[in-house]
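[1] could you look at this predicted model? Sequence included:
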Amino acid sequence: MSRILVTGIGVISALGDNLSANRNALVNGECGITTLGLFPSAYSGKLPCGEIKISTESLKEKLKVDEPAVTRTDLLALYALNEAIRESGLRTEQLEANDTALVGATTVGGMCLTDELYHDANKDSEGSAFLSSYDCGSVNLFLQKRYKIGGVINTINTACSSSANAIMYGARLIRHGLARRAIVGGVDSLAKFTINGFNALHILSPGICTPFDKGRKGLNLGEGAAFLVLEKEEDIHNRHPYAELTGYGNANDAFHPSSISEQGDGPYLAMKEALQTAGLDPGEIGCINAHGTGTENNDETESRAMLRVFGSVPDFVSTKSNIGHTLGAAGAVEAVYTVFNLKHQEIYSSLHFKEPIESTGLKPVTAYKKIKVNHAMSNSFGFGGNCSSLIFSKA
């Protein structure tokens, strides 16, 4: 069976608008979480968020986008996709071929324009330009139109595991001969709809989040986008891949609408399946980019699940301490960071950590260091107990 290689990656987050800016910020232990400021909200200037400090209008100018009702979500997705395609070297005829798939993920999508749509709906007009943007597939339809991508187009929304599942789905399309190459990833933008919703759940931290810390008080929302280009080994020719996607697993905890079971059954099963798919023993995993939201439930249950799988847990971090929780983009953004681990043989610091959780005693890596790693895991767990783990290996 052909190896599936990562030939291109692209990312935009609160740490920067390209690959090098993101990696440099991670190496230097920078935090992109600041107060909210780019759109009107009761929480502007107060609530810590991983906000990308580029206005929507500036994104439109940079990307030369002037279509009506284009959302910030669309723009962030296009920004990251452009970089991934450039990095992969895919040609126009390859993008337009019917064996090139696009699998994207989002939870917010066009809902970032809920207020605008509501305003139009109350004017008794004949409709709203924002109605088409509100469809759950609108982001990927926008991307497909820009690049005339000719194969399978799909959108996945499994909450915070969405783009990890998009990566997994793209790999399966290739494995089953339904695509020759797959462009996979995810995007979400900050919006009043999301902020108010998470605030109603009482899981937003009043300060900067502290994943895996005893005193953690919740998560910080963030925004971002990332895409990866997956191709079969025999198709890459003289190009140099970033990494190999070797393992993936998905399991449903089925315990609670927004919490994981006490022993972390869903995360445990997802990690076990990813190891089985990759044909690896737990001791072969050199580092983990944990889901690590900073909430009371997630960090303790993920810790227990890692202890169940690994016994002696390898080096792990939560890069949500750098960029916040980017929701449907999280799996893809953190997959890109995991590829960095392998390509540059390094691991980044999990910021703001002070004391371990008493029941587990696990301590994330708290200072940048060089490591020798051949296989790295990235975890993404969503509402409803939808849990996914990815394993990337050194190419």
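    Done, it's in. Numbering: from 1, shown residues only.
[2] how far away is Thr7 from Gly150?
    In this view, Thr7 and Gly150 are 18 Å apart by CB to CB, to the nearest Å. Quick note: C-beta positions are derived from backbone N, CA and C, even for glycine.
[3] ok, these two, which is more surrounded?
    Comparing Thr7 with Gly150 by neighbour count (other CB atoms under 10 Å), the higher total belongs to Thr7, at 23 against 17.
[4] what about the residue nearest to the more buried one when sequence neighbours are not counted, neighbour count?
    Of all residues beyond its chain neighbours, the one nearest Thr7 is Ser88 (4.5 Å), with distances taken as CB to CB, 6 or more residues apart in numbering. Applying other CB under 10 Å, we find 26 residues neighbouring Ser88.
[5] without its sequence neighbours, what residue ends up closest to Val11?
    Nearest non-adjacent residue to Val11 (CB to CB, 6+ apart): Ala226, at 4.3 Å.
[6] which residues does the one you found bridge with?
    Beta-bridge pairing of Ala226 under DSSP bridges involves Val11, Gly186.
[7] ok, the one 4 residues further on next?
    With DSSP bridges applied, the residues forming beta bridges to Leu230 are Val6, Ala182.
[8] is it true that it touches Ala182?
    Yes. The criterion here is CB atoms under 8 Å, and Leu230 meets it with Ala182 at 4.7 Å.
[9] which neighbours do the two share?
    170-171, 174 (CB atoms under 8 Å, 6 or more residues apart in numbering).
[10] for Ile85, phi and psi?
    Backbone torsions of Ile85, given as degrees, to the nearest 10, read phi -70, psi -40.
[11] grab the nearest non-local neighbour of it.
    In this structure, Ile85 finds its nearest non-sequential neighbour in Gly8, 6.3 Å apart by CB to CB, 6+ apart.
[12] tell me the secondary structure at the one you found.
    What DSSP: H, G, I helix; E, B strand; the rest coil gives for Gly8 is strand.
[13] quick one: the strands in the protein?
    Using DSSP state E, the strands of the chain run over 4-12, 34-35, 48-49, 100-105, 153-156, 181-188, 224-232, 243-252, 287-289, 315-317, 346-347, 369-370, 375-381, 386-393.
[14] point out the most buried one among these.
    strand 181-188 (a mean of 32; mean count of other CB atoms under 10 Å).
[15] may I have that strand exported as PDB, CA atoms only?
    The C-alpha coordinates for strand 181-188 follow below in PDB (Å, rounded to 0.1, in the frame of the first residue of the first chain):
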ATOM      1  CA  ARG A 181      -4.300  13.600  -3.900                       C
ATOM      2  CA  ALA A 182      -6.300  15.300  -1.200                       C
ATOM      3  CA  ILE A 183      -6.100  18.900   0.100                       C
ATOM      4  CA  VAL A 184      -7.300  18.700   3.700                       C
ATOM      5  CA  GLY A 185      -7.600  21.100   6.600                       C
ATOM      6  CA  GLY A 186      -9.900  23.500   8.500                       C
ATOM      7  CA  VAL A 187     -10.800  27.000   9.400                       C
ATOM      8  CA  ASP A 188     -12.700  29.000  11.900                       C
END
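[16] any idea of the angle it forms with strand 224-232?
    If you take axes from the mean of the first three to the mean of the last three CA atoms, to 10 degrees, strand 181-188 sits at 170 degrees to strand 224-232.
[17] quick check: mean pLDDT of strand 181-188?
    For strand 181-188, mean pLDDT is 98.
[18] run a quick neighbour tally on Lys372.
    Using other CB under 10 Å, Lys372 has 7 neighbouring residues.
[19] report the contact partners of the residue lying closest to it once chain neighbours are set aside.
    Once flanking residues are discounted, Lys372 sits nearest to Gln345: 6.3 Å by CB to CB, 6+ apart. By CB under 8 Å, 6+ apart, the residues touching Gln345 are 370-373.
[20] next up, phi/psi of Gln345, please.
    Note on Gln345: its backbone torsions stand at phi 50, psi 60 [degrees, to the nearest 10].
[21] Ile236 versus the spatially closest residue to Asn297 that is not a sequence neighbour, what's the distance?
    What sits nearest to Asn297 in space, not counting adjacent residues and going by CB to CB, 6+ apart, is Ser259, at 4.7 Å. Remark: distance between Ser259 and Ile236 (CB to CB) = 42 Å.
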